[in-house]
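Chemist: whatever this is, show me its structure:
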Amino acid sequence: MPDPETPLLIGIIAGEASGDLLGAGLIRELKKLFPSARFEGIGGPQMMAEGFNSLFPMERLSIMGLVEVLGRLPELFSMRRQLLEHFTSRRPAVFIGIDAPDFNIGVELRLRAKGIKTAHYVSPSVWAWRQNRIFKIARAVDLMLTLLPFEAGFYRQHKVPVQFVGHPLAEMMPLHPVKAEARERLGVSAKEGQIIAVLPGSRGGEVKMLGPVFIQTMLWLHKRRPQLTFLLPAANPHRKKQIQMQLEQAGVDLPLIIMDGHSRDVMQAADSILMASGTATLEAMLAKRPMVVAYKMAPLTYWIMKRLLKAKYISLPNLLADEALVPELIQHNANPQSLGKAVLASLQPEQSKSLEKKFTDLHLQIKQDADKVAAESIAKLIQSQFSSDTAQARHE
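Modeler: Numbers count the residues shown, from 1 in each chain. Modelled structure (predicted):
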């Protein structure tokens, strides 16, 4: 093992806020193992607070949408070229790409070809679609770090070195959240009765497709259960304005409170959750609340995705359990009547109690102290490089 006091260089590229959070936790743990290590590449404010040197602003990588990416390709190619030159000349002990697979895997592929150890943190959804990407990943990485156990199984099948590290959200959220405490934090009276959390997504496209459907679902539920209260945490000011415009266009009067963020508290305060598919379904599972998961997309996109998708489920609770714990209503099935009936069914006490136990078991399964496990796995990779370099020096 290299001397902990050796001033190692560790390269990291994180492309968005979630990667910045993972990177910060990883750096904290790596500094315990290598106090003199230096960290540089691309990161955000949380990584920089840990002493990380970001060579470019992280937001330059945080691009969504095909048109937006196409418009920024020259800048992205220039950034990648400069980063490759930088790390090729400085040769880090290891390079770690955090998420952002379209950018990072290309960097990893080129650095590994030059003899630099590489790791990728957060698996792309290669197990779900475009599975042939696994062959490029196998050439690009010495180690894949996955947040979820079924992802690790897929890599083992394809002989790619992998370590399941657990999910950081499992560390952040309580094992047994208290509904009354969440309602108190939100300033919602305990007398409100049953609360339905409504999460139509954090992206404009998601809210465009699901917002009107969710509004009509709330109306359907309100007519049958007038005592229900709806809480909708808007992901940001743009989504709040978008939702308010959809409500005005629908011309409906609902017992609905739109909140600025606080999605985690809203989920913990709820009796059931109506939500878009995505990472938020994992948070809902960790909140131990019943949920109904929906997703809609443009007809042509749906036709293509239906033929490409290899996974049995779209929601993370069902994927983790490998069974249909929560209802998934997709495309034409995501209609007000079907969604409303599923929400009412989820409010049955016996169903809530059964789900809570299963969700707790899944919580424990992914609560692995991710930052520490990831850092220890990276340390072993550095050790393998150090041992290889030492053996080569002796041979020479």
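
Chemist: which stretches of the chain form strands?
Modeler: Along the chain, counting by DSSP state E, strands occupy 9-14, 38-43, 53-57, 94-98, 118-121, 143-146, 162-164, 195-199, 229-234, 256-260, 272-276, 291-295, 328-330.

Chemist: now these as JSON lines including distance to Leu247, mean pLDDT and mean neighbour count?
Modeler: C-betas here are computed from N, CA, C, even on glycine. Formatted as JSON lines, the entries for the strands of the chain read as follows, by distance: least, CB to CB, whole Å; pLDDT from 0 to 100; neighbours: other CB atoms under 10 Å:
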{"stretch": "strand 9-14", "distance to Leu247": "36", "mean pLDDT": "96", "mean neighbour count": "26"}
{"stretch": "strand 38-43", "distance to Leu247": "38", "mean pLDDT": "96", "mean neighbour count": "25"}
{"stretch": "strand 53-57", "distance to Leu247": "36", "mean pLDDT": "93", "mean neighbour count": "15"}
{"stretch": "strand 94-98", "distance to Leu247": "37", "mean pLDDT": "97", "mean neighbour count": "27"}
{"stretch": "strand 118-121", "distance to Leu247": "40", "mean pLDDT": "97", "mean neighbour count": "26"}
{"stretch": "strand 143-146", "distance to Leu247": "40", "mean pLDDT": "96", "mean neighbour count": "25"}
{"stretch": "strand 162-164", "distance to Leu247": "42", "mean pLDDT": "97", "mean neighbour count": "21"}
{"stretch": "strand 195-199", "distance to Leu247": "11", "mean pLDDT": "97", "mean neighbour count": "26"}
{"stretch": "strand 229-234", "distance to Leu247": "10", "mean pLDDT": "96", "mean neighbour count": "23"}
{"stretch": "strand 256-260", "distance to Leu247": "8", "mean pLDDT": "95", "mean neighbour count": "15"}
{"stretch": "strand 272-276", "distance to Leu247": "15", "mean pLDDT": "97", "mean neighbour count": "27"}
{"stretch": "strand 291-295", "distance to Leu247": "18", "mean pLDDT": "95", "mean neighbour count": "27"}
{"stretch": "strand 328-330", "distance to Leu247": "22", "mean pLDDT": "94", "mean neighbour count": "19"}
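
Chemist: kindly reformat these as JSON lines containing distance to Leu175.
Modeler: Conversion of those to JSON lines gives the following (distance: least, CB to CB, whole Å):
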{"stretch": "strand 9-14", "distance to Leu175": "28"}
{"stretch": "strand 38-43", "distance to Leu175": "30"}
{"stretch": "strand 53-57", "distance to Leu175": "35"}
{"stretch": "strand 94-98", "distance to Leu175": "26"}
{"stretch": "strand 118-121", "distance to Leu175": "25"}
{"stretch": "strand 143-146", "distance to Leu175": "22"}
{"stretch": "strand 162-164", "distance to Leu175": "19"}
{"stretch": "strand 195-199", "distance to Leu175": "20"}
{"stretch": "strand 229-234", "distance to Leu175": "22"}
{"stretch": "strand 256-260", "distance to Leu175": "25"}
{"stretch": "strand 272-276", "distance to Leu175": "18"}
{"stretch": "strand 291-295", "distance to Leu175": "18"}
{"stretch": "strand 328-330", "distance to Leu175": "25"}
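
Chemist: show me where the stretch 51-200 of the chain has helices.
Modeler: Assigned by DSSP state H, counting those that start in this stretch, the helices in the stretch 51-200 of the chain fall at 66-90, 101-113, 133-140, 149-157, 168-172, 179-186.

Chemist: can you tell which of these is closest to Leu22?
Modeler: Shortest separation from Leu22 across the helices of the stretch 51-200 of the chain is recorded for helix 168-172, at 6.5 Å, computed as CB to CB.

Chemist: residues in contact with that closest one: which ones?
Modeler: Applying CB atoms under 8 Å, 6 or more residues apart in numbering, the set of residues contacting helix 168-172 from outside is 21-22, 25, 147, 282-283, 286, 363, 366-371.

Chemist: cool, and stretch 38-50?
Modeler: Contact with stretch 38-50 is made by 7-17, 19-21, 23-24, 27-28, 30-31, 51-56, 58-61, 83, 87, 95, as judged by CB under 8 Å, 6+ apart.

Chemist: so, low pLDDT: which residues of this protein?
Modeler: When the per-residue scores of the chain are filtered using pLDDT under 70, the ranges that remain are 1-6, 62-72, 127-130, 190-192, 301-302, 304-311, 386-396.

Chemist: quick one on the thing from earlier: most tightly surrounded among the helices of the stretch 51-200 of the chain?
Modeler: helix 101-113 (a mean of 19; mean count of other CB atoms under 10 Å).

Chemist: for it, packing partners?
Modeler: Packed against helix 101-113 by the contact rule (3 or more CB pairs under 8 Å, 6 or more residues apart in numbering; DSSP states H and E) you find strand 9-14, helix 66-90, strand 94-98, strand 118-121, helix 133-140.

Chemist: alright, that wraps it up for me.
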